[in-house]
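Participant: 3D, please:
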Amino acid sequence: MVPSLKPNRLEFISYSLLLMLMLFGLYLSFANELYFNSVFTAEDGIIEWFTFLFLLSSCILLFYKTLKSWSIKQRSWKFGMILMALLFLFAAGEEISWGQRIFNIESNAFFVENNLQKETNLHNLTIGNISLNKLVFSKIIFGTLLIYILILPVVYLLFHRAQKLMDDFAIPIMEAHHVLAFIISTVIIVIIPAERKWELYEFCFAFIFLMIFYNPFNSWIYKDEISSVL
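Facilitator: Numbering: from 1, shown residues only. Next up is the predicted model:
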């Protein structure tokens, strides 16, 4: 069994909507770059809110699957699921600065002094000459995602021990159509000239990861028993 390029009906509809939004963003970035930056991808704009919703949805979905199978799964599986759910909860909170702008909460002195946006979040912190956004949230996370997208599926298919380890810790493996969606999104983002195009890229990642958690290649990790089918 190998990863499939053929999505199911719900996935096909979801990808179609994503592609239309991405193409609209591409058009908008050339037709009205000011609107793209100041409205379409603005702070608290529609793209940021949908990014938050998709990240939070991944967190809720993972917690739901964890609780549903809690009594029949091993500790490693529970650990992996809870860790991923907490990571996406953290990402969702960071996306909206933990509701600071919603509830009109002022940042304390530390964040005012060290945060580029003077908000209560970690990804915009600058300590000394080190920008956490560039070091951790750009370079390290981007590198980790590249490994996850391009290398992990190959390792999973080639090595039985790696397959068992990833299944034991509930690590979802991408289908080929997930990888293709990432590649197409990346190409469009590279073409877009607007400064705030990375907000749209974050939206793509949040959307596609929700699709991965919904139906990964190794979807049997969510069933009552983990099966080896390779």
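
Participant: Break down the chain into its helices, ranges please.
Facilitator: With DSSP state H as the criterion, the chain has helices at 9-31, 33-35, 46-68, 75-95, 100-103, 109-114, 132-134, 141-146, 152-158, 160-168, 176-191, 197-214.

Participant: from the ones you listed, which stretch is densest packed?
Facilitator: helix 197-214 (a mean of 21; mean count of other C-beta atoms under 10 Å). Bear in mind the C-beta positions are built from the backbone N, C-alpha and C, glycine included.

Participant: quick one: least confident helix or strand in the protein?
Facilitator: The weakest-scoring helix or strand in the chain, judged by mean pLDDT, DSSP states H and E, is helix 132-134 (a mean of 62).

Participant: Tell me how far the spatially most central residue of the chain lies from L26.
Facilitator: Nearest to the mean C-alpha position of the chain, by C-alpha atoms, centre = their mean, lies A206 at 3.5 Å. In this view, A206 and L26 are 19 Å apart by C-beta to C-beta, to the nearest Å.

Participant: Same check on E119?
Facilitator: 29 Å.

Participant: And D168, by the same measure?
Facilitator: 41 Å.

Participant: what does L10 give?
Facilitator: 25 Å.

Participant: Repeat that for E11.
Facilitator: Taken as C-beta to C-beta, the span from E11 to L26 is 22 Å.

Participant: ditto for I46
Facilitator: In terms of C-beta to C-beta, I46 sits 16 Å off from L26.

Participant: Could you measure from the residue of the chain positioned farthest from its centre over to V187?
Facilitator: The outermost residue of the chain, judged against the average C-alpha position, is A109 (30.5 Å), by C-alpha atoms, centre = their mean. To V187, A109 is 43 Å away according to C-beta to C-beta.

Participant: Likewise for E94?
Facilitator: On the measure of C-beta to C-beta, E94 and V187 end up 26 Å apart.

Participant: With L61 instead?
Facilitator: 28 Å.

Participant: Please apply the same query to L17.
Facilitator: 18 Å.
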